[in-house]
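Engineer: Make a model of this:
(one chain, ligands or ions: 1)
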Amino acid sequence: MTSPHVGTPTATSSEARQLKNYIGGDWITSNAEHIPVLNPATGETLASVPMSGADEVNAAVKAAKDAFPAWRETPPLVRARYFFTLKNLLEENVEHLSKILTKEHGKTLSEARGSVRRAIENVEVATGIPTLMQGYNLEDVARGIDCQAIRQPIGVFACIAPFNFPAMVPLWFLPFAVATGNTFIVKPSEQVPMCQEFIFEMIQASGIPPGVCNMIHGGKDSVNAILDNPDIKGVSFVGSTPIARHVYKRAGETGKRVQALGGAKNFLVVMPDAQLEDTASAITESFAGCAGERCLAGSVVLAVGDVHKPLVEKLKEKASNIKVGNGLEAGVTMGPVISAPHRDKIASYVEKGIAEGGDLILDGRDCKVEGHEGGNWFGPTIFDNVKPDATIAKEEIFGPVLTIVPVESLDEAINTIHKSEFANATSIFTQSGPAAREFRYRAEVSMMGINIGVAAPMAFFSFGGTRSSFYGDLKAHGRDSIEFYTDKKMVIERWF
Ligand code: NAD
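Structural biologist: Numbering: from 1, shown residues only. Model prediction:
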């Protein structure tokens, strides 16, 4: 299956193909204002995306609400079969989807393939729903009385996605919500809406009944319409912390379940006994992979004791070897950042880092790529000898900028991590079991790597941070997901 439209850029925004919403099984043109979708490596306009308003969101909610009773009654095994079909379609189209992803987002083709693989894994896990969704029971909770806990779907759910994983993030949610018997609305990021367009073409081709899965393109207005609609029973959000907080608060007004995954500032602790070569490779991949636009990106290195000097040399050497360019081209190891304003924001952080006294040992601000003058280029950037209270050690930059903070001990490293507003992921690099164990035990961060640069839980485990990195209690995918998308009905039964 190949889309007739997707991935075919047109020359100017006035000629750009208009993306449609998918409501009740139909592709519907929006009358709302459209904004261009730009290829961040070339500046080309790929399509234009509608900034849908409340009327369109409400139409999708109605379609999803109408589809719910029949979908809920569809046996879980039958619901799962649609996801086997969808998985096969995704497998057949990995390459096409990955190319769309690289074009609209910028990350390299190999990074795009990796994230599509991760997306598919969620579909694979959700095919196990007949087992995953089972309840539990106990006979004789009192004499002659039995109790059973049954999981039931709840109704209409929605997800609101960020720009950095255009294919994967909505699939952290949709397969689990829909396989458990709910109906669903996806609101992709308006910066990268084209992967979801193609995925929804596959959802349509999988035969999932009309109204079960819907997609609304847009920005702030469509998000607020989702949050305010009382017929939506729960929202899964992924994005920056201020918007996560807004979503958590506003969705609570209509009594929704909410899981809101926010921003990050991830600390990587390197102990003096760490394997230097492998550690430096893992850290380089962590801070510069996907141009640093990953919520799990290692952003601050806490270099403990003597490891500082040799580690800095290795990191500089490895980061200098990164080849920046158009992610579709062979040999390129880092793509552009998402937009020109975002590139300027990263540059302003670098200026702040210099003003606050950090040593800029690798400067990516002047990065240029021949033949792609319209791209949003930012090369790998490293600051050394940064104070833990400097802005670049505290705020999320979301670009390929690494901040190195020397510390004296593991204790000081853990205390520094605990002062951060964010707590999404953290890692330790060491060959010492006791140090790793102490770190695992004490560091209050929900996703943790031990000699792992990007501590990403897979689809069958749960994903999410704490503090300002997460609002809610049940996290994305894995077991939490089944809890989030079902209500547990307790039936207490006696027969006279
Ligand atoms: P963002 O917060 O700007 O946008 C996320 C979504 O919110 C988009 O769909 C957007 O349309 C919508 N939105 C934006 N402004 C809004 C407003 N004022 N009111 C209502 N809705 C609004 O985030 P982004 O720039 O697309 O993504 C990057 C952020 O996402 C980073 O902070 C990153 O750390 C975070 N992120 C977190 C995780 C995680 O697992 N914690 C994963 C991926 C990305």
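Engineer: how about the helix or strand hosting Cys195, does it reach the ligand?
Structural biologist: Secondary structure assigned from DSSP states H and E places Cys195 in helix 194-205. No. On the criterion C-beta under 6 Å from any ligand atom, helix 194-205 is out of touch with the ligand, staying 10.9 Å away. C-betas here are computed from N, CA, C, even on glycine.
Engineer: which parts of that helix are buried?
Structural biologist: Across helix 194-205, burial judged by 16 or more other C-beta atoms under 10 Å covers 194-204.
Engineer: So for that helix, mean pLDDT?
Structural biologist: Mean pLDDT, helix 194-205: 98.
Engineer: does any part of the helix or strand following that helix sit near the ligand?
Structural biologist: Using DSSP H and E, the helix or strand that follows helix 194-205 towards the C-terminus is strand 213-215. No. For strand 213-215, no contact with the ligand is found by C-beta under 6 Å from any ligand atom; the gap never falls below 12.1 Å.
Engineer: who's in contact with strand 213-215?
Structural biologist: Strand 213-215 is contacted by residues 21-24, 60, 63-64, 174, 178, 183-188, 196-197, 200, 203 when judged by C-beta atoms under 8 Å, 6 or more residues apart in numbering.
Engineer: Just the CA trace of stretch 67-82, in CSV.
Structural biologist: The C-alpha coordinates for stretch 67-82 follow below in CSV (Å, rounded to 0.1, in the frame of the first residue of the first chain):
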residue,chain,number,x,y,z
ALA,A,67,-19.4,4.0,17.4
PHE,A,68,-18.7,3.0,21.0
PRO,A,69,-21.6,0.7,21.8
ALA,A,70,-21.0,-1.7,18.9
TRP,A,71,-17.2,-1.6,19.3
ARG,A,72,-17.5,-2.3,23.0
GLU,A,73,-19.6,-5.4,22.3
THR,A,74,-17.1,-6.6,19.7
PRO,A,75,-15.3,-9.5,21.4
PRO,A,76,-11.7,-8.6,22.5
LEU,A,77,-10.3,-11.4,20.2
VAL,A,78,-12.1,-9.9,17.2
ARG,A,79,-10.9,-6.4,18.2
ALA,A,80,-7.3,-7.8,18.4
ARG,A,81,-7.6,-9.2,14.9
TYR,A,82,-7.9,-5.7,13.4
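Engineer: for this protein, which spans come out with low pLDDT?
Structural biologist: Along the chain, the model assigns pLDDT under 70 to residues 1-15.
Engineer: can you list the domains in it?
Structural biologist: Here the domain parsing of the chain from automatic domain parsing is 9-262+469-493, 266-450.
Engineer: nearest to Ala456, of those?
Structural biologist: Minimum separation from Ala456 across those (C-beta to C-beta) falls at domain 266-450, 5.5 Å.
Engineer: near the ligand, which residues of this protein?
Structural biologist: 160-164, 187, 189-190, 219-220, 223-224, 238-240, 243, 246, 261-264, 295, 396, 398, 424, 465, 469.
Engineer: Please check the residues you listed and keep the buried ones.
Structural biologist: Neighbour counting over these (16+ other C-beta under 10 Å) leaves 160-164, 187, 189-190, 219, 223-224, 238-239, 243, 246, 261-264, 295, 396, 398, 424, 465, 469 as the buried ones.
Engineer: Leaving out sequence neighbours, find the closest residue to the most centrally placed residue in the chain.
Structural biologist: Using C-alpha atoms, centre = their mean, the residue of the chain that lies closest to the mean C-alpha position is Val169, 4.5 Å off. In this structure, Val169 finds its nearest non-sequential neighbour in Ala161, 4.6 Å apart by C-beta to C-beta, 6 or more residues apart in numbering.
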